[in-house]
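Colleague: Structure here, sequence nowhere to be found:
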DNA sequence: GGCGTGACTATAC
DNA sequence: GGTATAGCCACGC
């Protein structure tokens, strides 16, 4: 532990709503570390399974998983996503439908907020 | 300290 | 749709 950046990143990942996904860059941004998407990936790899981090809710900016399709990790992530109701459009997640800011969007885009 | 590498991203062609 | 390039930065050699 000890590293505050790593803590922030993990805290953000822990807050990802069940049934939604978020990109590395978005996590870094919300953790107060804009542009450090790679650091997020590093933290995730280091954390591994033990910490109980919902790593499967983290995908790349374009909706694809960070692993090569067909790899073991890929299948595992896909399986967990499907188990949470996150469908994959081919090899990628539909971010418009399952993106994390969906909750926030529903507020920002609600008819009340239009004027 | 330089250099390659990587669970990344945005931009440009 | 794809490839190239440039930022980004922790780590190991």
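Modeller: Right, received. Where do you want to start? Here the structure is a predicted model, which is why all the values come from computation and not from measurement.

Colleague: Could you pull up the mean pLDDT of the strand or helix carrying residue A:45?
Modeller: Residue A:45 is part of helix A:37-47, with elements assigned from DSSP states H and E. Helix A:37-47 comes out with an average pLDDT of 94.

Colleague: what does the next helix or strand after that helix rub up against?
Modeller: Tracing the chain C-terminally past helix A:37-47 and defining elements by DSSP H and E, one meets strand A:58-59 next. Contacts made with strand A:58-59 from outside it, assessed by CB atoms under 8 Å, 6 or more residues apart in numbering, are listed as A:13, A:16, A:21-24, A:27, A:40, A:44, A:65-66, A:92-93, A:95. From N, CA and C alone the C-beta is placed, and that goes for glycine too.

Colleague: So which residues on chain A come close to DNA strand C?
Modeller: Of all the residues in chain A, those in contact range of DNA strand C (CB under 7 Å from any atom of the strand) are A:5, A:35-39, A:42.

Colleague: Quick check: of the contacts of strand A:58-59, which lies closest to residue A:79?
Modeller: Nearest to residue A:79 among the contacts of strand A:58-59, counting by CB to CB, is residue A:65 at 11.3 Å.

Colleague: what about the closest one, neighbour count?
Modeller: Here the count is done by other CB atoms under 10 Å, and residue A:65 has 23 residues near it.

Colleague: Give me the number of neighbouring residues for the closest residue to DNA strand C within chain A.
Modeller: With CB to the nearest atom of the strand, the shortest gap between chain A and DNA strand C falls at residue A:35, namely 4.1 Å. Burial of residue A:35, expressed as a neighbour count using other CB under 10 Å, amounts to 9.

Colleague: Is it correct that it falls within a strand?
Modeller: No. Residue A:35 is assigned coil when assessed by DSSP: H, G, I helix; E, B strand; the rest coil, not a strand.

Colleague: can you pull the contacts of it?
Modeller: Taking CB under 8 Å, 6+ apart as the definition, contacts of residue A:35 comprise A:25, A:28.

Colleague: one step back: intersect the residues of chain A next to DNA strand C with the contacts of DNA strand B.
Modeller: A:37-38, A:42.
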